[in-house]
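**Q** Need coordinates for the following:
(4 chains)
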4 protein chains.
Amino acid sequence: MATIKDSVHDHIEVTGVAEDLLDTPAMQRLRRIRQLGTVSLVYPSANHTRFEHSLGVYHLASETLDHLGVAGRTAERIRAAALLHDVGHPPFSHNVEELLYRHTGKYHDDVADLLADGRVGAVLREHDLDPDTVAGLVAGEGRYGQLVSGELDVDRMDYLVRDAHHTGVPYGTIDHGRLVRELTFVDGELVLAEGNVQTAESLLLARALMNPTVYRHHVARIGKAMLRRATERLIREAGYDAETVRRWDDADLLATLRRTDATADFADRLSTRDLFKRAVWAELPDVPEDLLEADHERIRELEREVAAAADLDPDSVVVDVPPPPEIRESSSRVVVNGEIRRLDRQSPLVSALRVAGRNQWRLGVYAPAGAVDRVGRAAVRALGLDVDGAPITEVRGGLDTTLDEFG
Amino acid sequence: MATIKDSVHDHIEVTGVAEDLLDTPAMQRLRRIRQLGTVSLVYPSANHTRFEHSLGVYHLASETLDHLGVAGRTAERIRAAALLHDVGHPPFSHNVEELLYRHTGKYHDDVADLLADGRVGAVLREHDLDPDTVAGLVAGEGRYGQLVSGELDVDRMDYLVRDAHHTGVPYGTIDHGRLVRELTFVDGELVLAEGNVQTAESLLLARALMNPTVYRHHVARIGKAMLRRATERLIREAGYDAETVRRWDDADLLATLRRTDATADFADRLSTRDLFKRAVWAELPDVPEDLLEADHERIRELEREVAAAADLDPDSVVVDVPPPPEIRESSSRVVVNGEIRRLDRQSPLVSALRVAGRNQWRLGVYAPAGAVDRVGRAAVRALGLDVDGAPITEVRGGLDTTLDEFG
Amino acid sequence: MATIKDSVHDHIEVTGVAEDLLDTPAMQRLRRIRQLGTVSLVYPSANHTRFEHSLGVYHLASETLDHLGVAGRTAERIRAAALLHDVGHPPFSHNVEELLYRHTGKYHDDVADLLADGRVGAVLREHDLDPDTVAGLVAGEGRYGQLVSGELDVDRMDYLVRDAHHTGVPYGTIDHGRLVRELTFVDGELVLAEGNVQTAESLLLARALMNPTVYRHHVARIGKAMLRRATERLIREAGYDAETVRRWDDADLLATLRRTDATADFADRLSTRDLFKRAVWAELPDVPEDLLEADHERIRELEREVAAAADLDPDSVVVDVPPPPEIRESSSRVVVNGEIRRLDRQSPLVSALRVAGRNQWRLGVYAPAGAVDRVGRAAVRALGLDVDGAPITEVRGGLDTTLDEFG
Amino acid sequence: MATIKDSVHDHIEVTGVAEDLLDTPAMQRLRRIRQLGTVSLVYPSANHTRFEHSLGVYHLASETLDHLGVAGRTAERIRAAALLHDVGHPPFSHNVEELLYRHTGKYHDDVADLLADGRVGAVLREHDLDPDTVAGLVAGEGRYGQLVSGELDVDRMDYLVRDAHHTGVPYGTIDHGRLVRELTFVDGELVLAEGNVQTAESLLLARALMNPTVYRHHVARIGKAMLRRATERLIREAGYDAETVRRWDDADLLATLRRTDATADFADRLSTRDLFKRAVWAELPDVPEDLLEADHERIRELEREVAAAADLDPDSVVVDVPPPPEIRESSSRVVVNGEIRRLDRQSPLVSALRVAGRNQWRLGVYAPAGAVDRVGRAAVRALGLDVDGAPITEVRGGLDTTLDEFG
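**A** Numbering: from 1, shown residues only, chains lettered A, B, ... in the order given. Alright, predicted model coming up:
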């Protein structure tokens, strides 16, 4: 058994297959991938990594399994999946995930190949575990897949408290001890036991408050957009292979961006926090429907169009259109008066989250500081935005650096 | 200057009039009044007092005044009001407040007499402050009254984080440092500056989650109901004066209840946590309209009726009808795109809180453990409750002691 | 199983005999006994109770037993002892313990009678546990007694972190998770496993820093001396029985002191924090040997003598002579290079603690604020103190209220 | 003013020259230098950076200056020095500092050139501050230099609490709020005011416990030794310039090590945590005097000798001889009874620290796992160690992975 000290869960005891997996290169790589990517440009303390998060998820999974009375091979398999659930993350976590997906067809939780090969595959097989089944759990499949990847999964419980601890933003501080104790299976479905409406609400509200404050803070989004643009050039212009990039760590990507001519300028801007600024920051109702559905190539075209109108190099304009807010219903379930109920039917707070998600949604257009005004005007025209006054909403005026800016 | 160590805000520096007020008997009494009354029967660590909370409110008021640039006499007055805002609390805080109000006509924030008399009045006058004006601030009057008692007041900021720290329930852990920094006056009104929709939401959501989990936990409500019943007997049957009781501390009330024949049994039950249990726990739609509007005497009548039907002593039945959930709108205001907006118009989460408040509301009927079934049946009839199945909703069955029970 | 939320250990799961013991009046009384007595006069947040501490000790004992692989009846017995270890505490914890010992012959850990009688005895016997054996564990007897009461016991681990949490003084924040994991039995002796010299040191250093800062802060000592004096009058002059007082809670003692003529003045001073001040605060080398060995009656005589010389009522002078610093050696043991070593032989820090204890030792003489100077002079003469300059050492001058004063 | 959220101090307000310095490339580089270098190989959460630490030091310096009443140009200069105090750190902080010193003649606090040049110099001059004077403060010169670099400096206060927060090892959790409030100048010397013997002790004891547990943990030392060896090869064999390496960040160094043939193997071992193991771990009395005084070249010779005897490549053996424990006296000073006293004269604990430092000192010899036994034997002979039994002391046997190993 290895006992590892963690800043969030204190002592984490790692046993069995998990202990052997710890030492694989695939797991050790996660030590050098920041959990929140460019969020550290806003919250300077947010330098925690996918490695410690993976340990935390393993720890909460173990505790939940103890409470559920799940043991033996089944438990080992779930613990392996919990520890390995993020081995598919590219450098800077989610920041370049979509870009790499376009090239490789794989998201971070598509890990069948990573689990079957090399040391990880060997360790799993030594412990009589089938890599494909473990990869299935990572993708949320099967009865226990919900525990690793689902609405009430231990992944989310760990990242909320961990991100709160490291950013200093307390909204993520949920009661994971209670959540873990109250999870139960009813008719094959993972639910929260009776008396836990607030427990369930707290988990979803925590995320709803962390989203705009941390995960989707505009400075983090700008940093992410610049990193994505640079990585795209690396692959398209400097000829790097997306499958290779996917296996790098943060240092590999940063160092390569720096020493490649096509990306050195972006790398330098990211390193010195000389970021683009917002030229447009528009609410959902102001954005035409077709722009929401535009694919990557169409967005690139619009960027070139805006850049031309503003007399700028095409790479000096970024149009950042997040996916439309989820309209699918929350699938969290709680037991109320003996019957399983969908949380969004039970909780007016949770159903309001969908509306809040729409309110928080913002389209961004970013450009170098000096060009912000003319890019803003050009973008409003080219994108067909229905913006009345200033093209940027919800920014405090008159202050160059604000709490909002720095976090 | 006195520097006082606090478990929540670390070092609190107390100066000027506040330093002199600290030593008055009225302030020192608060050392012996638990902040959360009978909540400690659910959360055993919740033994913090009105004294430390008052220091915390003073501290946050001072910080806010520094940020707002308010100084001099005005600031001294507000700091005095912040420190003194709870001197009117009876023993066990809110637990017997309503009862004493029926006898004295005073709630805890009606403190004009307490501030004018004795040492407190003398200290205020020595510092050239008018006790009546300070009492007005405590009651929320005037431009700065909102800071001491209002939707965005520092009272709430302190109690949420403090109650979270001491109960161990993290939902109250708001970002008070940010709130204090972002408060500002616009057109004479206290609002949160631009970019703070989530900051404002977090304050209200924190309270919405703490309410059912902590403040209105059914065991705390049962304890409170028993304490209220005992105190009522003390006044009605043992002839104690309500104005005197109002000035006691927790020890006075507890010791007097113990040595008075009419109340010794209740005192013993509270001391040994041998509490009544729920006979009924009914949702709002199941309760007839007229019961919601019944006054104290009508409720007493119904209790006697239920007790008679269940063949019990009248004091063995408690009917606990909380005030109907607030229908008044939230008055929190934030600046969005340069204009002041009502938070409940801006935030779907906050408007959902009103619905959540209705969902969380419960009427309770309590009785000794052995009599719960027959009291439940009698109460459903006598109160005209529209209960289909079991008279208790949202209780986990089959466990004598549950997380829900103990916290 | 009961799951109880604790501000220090988060969720505590109470099972078996412990769950039944929780509901006994003897345990419930501890809810109303402050862990640190008059220390709350210095650190206003220090209102935590023996009840939550007892739960914490139970929790750490359970964790240790799991790690040691101790189960079954033996484990139940130890868990019962851990939960019950403080039921013998009089009101205000240690504050009046010595006084009551003089009258009853019992310290707080002499609990054979309390465990044999009433509900506690019944519960123990229902679970096939012998009350006397459990009482023996509380007194530190037998192989496992060291775990409940010894140099490396879980009692100390809990109180250090809990007192740090509630006072806000971080010195007590030890790594209890590591201590619990590293405890092991070697040759029947409880020791810390190899590699834990610093773990062991940290426990002793934490206590060495908490002692003068918290537990023996002069304001807490003055409050304690006044409480002791008042309680002594209660027994001697008002005829209360020491055995009865021993079974009270804080509220009983405080309320009785208030309504008894002989003690009302002390009660009022304690309630309004109108405490005596230091007239003398002398270091060990300045105190004559015979004074260190004086018994209670001799001290009372000296107090009368000083009072007479200062023209004061005898009860207005308190001479407070703590027991001489321990000279016995620390019995903590750690494994170093495969052999068990005494920590004070291994660690120069620990052996220095004995010297530090001597340095921190202070004799105090206390009197009402106005009489401090003349009492100081009279006491220096009467007690034969070898004080050169001012009779008070280590006090910052010129400030009426200082960090030192308030904490 | 910029308000920055910090995981340790919550909100940090940055104003004046500091705000402008924040955006310089020299400061931004610190975002990518881990505070504790290879300690993250032991404590996986320890990924905090020199950037957030620099903000923390700036924050504590500002608070101290407010308490001392220092304002204006003097305060601006000190705040600039506090923020900039670590700009001289090479990648991986102290890990390769000594090595680079041999090549560049500069330690991390020799920053005159860095402050005079480029953006930093420009910003300082724009604010009428002389770069040389600021560099002097960083080096601890002058009356206020003690505040930035001295026994009671704010640098140490920040790193202790920050390292505790991020490793999860609580020993560093000092009361920095009290330290900052109690610092004062007496006769031009920075001391702690009366009543602060324990405050001063706690600072030194915290470091004494963190040293062996965190900073000098053997796994961190092995990682550091391997990184140093690799960097040495990079300079000697691959021809990189030490001045250039000094200005890199962690990613630069790691990526360069990886793609350079002479260092790729070391880089791979560090990346996959496939570290050397201890072949020797010897206490101070077992090490011959001349070895303690051996210079770098002599150590290299011995390494080659041991490697030859063990039939290994010279780079597979590392002899790690830390500087002998400090014998110079602690210069912390506290006011006791009105006079300034040296803390080590006042506190037996502090004087014991010197002995503890000697006890904790270890010479290490490291080699690949498979060669540990024969390297151990060869090293004992070649280095003339006076080792009786096993060449490794204080390691728990029989466990491949232990708490000691992982932290």
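
**Q** what's the spacing between A:A80 and A:L22?
**A** From A:A80 across to A:L22, the span is 11 Å (CB to CB, to the nearest Å). (C-beta placed from N, C-alpha, C; glycine too.)

**Q** cool, A:R125 as well?
**A** On the measure of CB to CB, A:R125 and A:L22 end up 17 Å apart.

**Q** of those two, who's got more company?
**A** Higher neighbour count among A:R125 and A:L22: A:L22, with 22 against 12, using other CB atoms under 10 Å in any protein chain shown.

**Q** For stretch A:132-148, output the C-alpha coordinates as CSV.
**A** Presented in CSV, the C-alpha positions along stretch A:132-148 are these (Å, rounded to 0.1, in the frame of the first residue of the first chain):
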residue,chain,number,x,y,z
ASP,A,132,-11.6,-2.6,-22.7
THR,A,133,-14.0,-3.0,-19.8
VAL,A,134,-12.0,-0.5,-17.8
ALA,A,135,-12.1,1.9,-20.8
GLY,A,136,-15.9,1.4,-20.9
LEU,A,137,-16.2,2.5,-17.3
VAL,A,138,-14.1,5.6,-18.1
ALA,A,139,-16.6,6.4,-20.9
GLY,A,140,-19.5,6.0,-18.4
GLU,A,141,-20.7,2.6,-19.6
GLY,A,142,-22.5,0.0,-17.5
ARG,A,143,-24.0,0.1,-14.0
TYR,A,144,-20.9,1.4,-12.4
GLY,A,145,-19.9,3.7,-15.2
GLN,A,146,-22.2,6.3,-13.7
LEU,A,147,-19.9,6.5,-10.7
VAL,A,148,-16.9,7.4,-12.8
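
**Q** buried residues in that stretch?
**A** Buried positions in stretch A:132-148, judged by neighbour count with 16 or more other CB atoms under 10 Å in any protein chain shown: A:133-140, A:142, A:144-148.

**Q** contacting residues for the residue nearest the centre of chain A?
**A** Nearest residue to the geometric centre of chain A (CA atoms, centre = their mean): A:H94, 4.8 Å. Applying CB atoms under 8 Å, 6 or more residues apart in numbering or on different chains, we find A:H94 in contact with A:37, A:108.

**Q** for A:D373, same thing?
**A** For A:D373, the contact set (CB under 8 Å, 6+ apart) comprises A:A279.

**Q** If you count neighbours, what's buried in the strand or helix carrying it?
**A** Here A:D373 sits within helix A:372-383, counting by DSSP states H and E. Buried positions in helix A:372-383, judged by neighbour count with 16+ other CB under 10 Å: A:372, A:374-380, A:382-383.

**Q** Next, give phi and psi for the closest residue to A:G188 other than its chain neighbours.
**A** Nearest non-adjacent residue to A:G188, counting by CB to CB, 6 or more residues apart in numbering or on different chains: A:R143, 5.7 Å away. Backbone geometry at A:R143, expressed as degrees, to the nearest 10, gives phi -50, psi -40.

**Q** my read: A:A116 touches A:D132, true?
**A** Yes: if you go by CB atoms under 8 Å, A:A116 and A:D132 touch, sitting 7.0 Å apart.

**Q** Flag every residue of the stretch 51-200 of chain A that's near chain C.
**A** When proximity is defined as CB under 8 Å from any CB of the partner chain, the stretch 51-200 of chain A approaches chain C at A:177-178, A:181.

**Q** Redo those residues as TSV? Include distance to C:L204, secondary structure and neighbour count.
**A** Shown next, in TSV, are those (distance: CB to CB, whole Å; DSSP: H, G, I helix; E, B strand; the rest coil; neighbours: other CB atoms under 10 Å in any protein chain shown):
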residue	distance to C:L204	secondary structure	neighbour count
A:G177	30	helix	19
A:R178	35	helix	24
A:R181	35	helix	20
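
**Q** does any bit of the helix or strand harbouring A:A122 sit next to chain D?
**A** Using DSSP H and E, the element containing A:A122 is helix A:118-126. No: Helix A:118-126 lies out of reach of chain D by CB under 8 Å from any CB, never closer than 9.1 Å.

**Q** Can you name the residues in contact with that helix?
**A** By CB under 8 Å, 6+ apart, the list of residues contacting helix A:118-126 reads A:17, A:20-21, A:23-27, A:80, A:84, A:87, A:114-115, A:130-131, A:134.

**Q** 10 Å instead, please
**A** Residues from elsewhere that reach helix A:118-126 (CB atoms under 10 Å, 6 or more residues apart in numbering or on different chains): A:17-28, A:76-77, A:80, A:84, A:87, A:111, A:113-116, A:129-135, D:272.

**Q** Now a PyMOL select for only the buried ones of the residues you listed.
**A** Selection of buried members from the contacts of helix A:118-126 for PyMOL, criterion 16+ other CB under 10 Å:
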select buried, (chain A and resi 17+18+19+20+21+22+24+25+26+27+28+76+77+80+84+87+111+114+115+116+129+131+133+134+135) or (chain D and resi 272)
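
**Q** Narrow the contacts of helix A:118-126 to those in helices?
**A** A:17-22, A:25-28, A:76-77, A:80, A:84, A:113-116, A:131-135 (DSSP state H).

**Q** and chain D, which of those residues contact it?
**A** Restricting these to those touching chain D (CB under 10 Å from any CB of the partner chain) yields A:19, A:22, A:25-28.

**Q** My understanding was that A:I33 contacts A:P90; is that so?
**A** Yes: counting by CB atoms under 10 Å, A:I33 touches A:P90, with 8.0 Å between them.

**Q** The two: which has the busier surroundings?
**A** A:P90 (27 against 22).

**Q** That one: which element?
**A** Taking DSSP H and E as the definition, A:P90 sits outside all helices and strands.

**Q** quick one: contacts for it?
**A** A:P90 neighbours (CB under 10 Å, 6+ apart): A:33, A:37, A:96-97, A:99-101, A:104, A:106-108, A:231, A:242, A:245-250, A:253.
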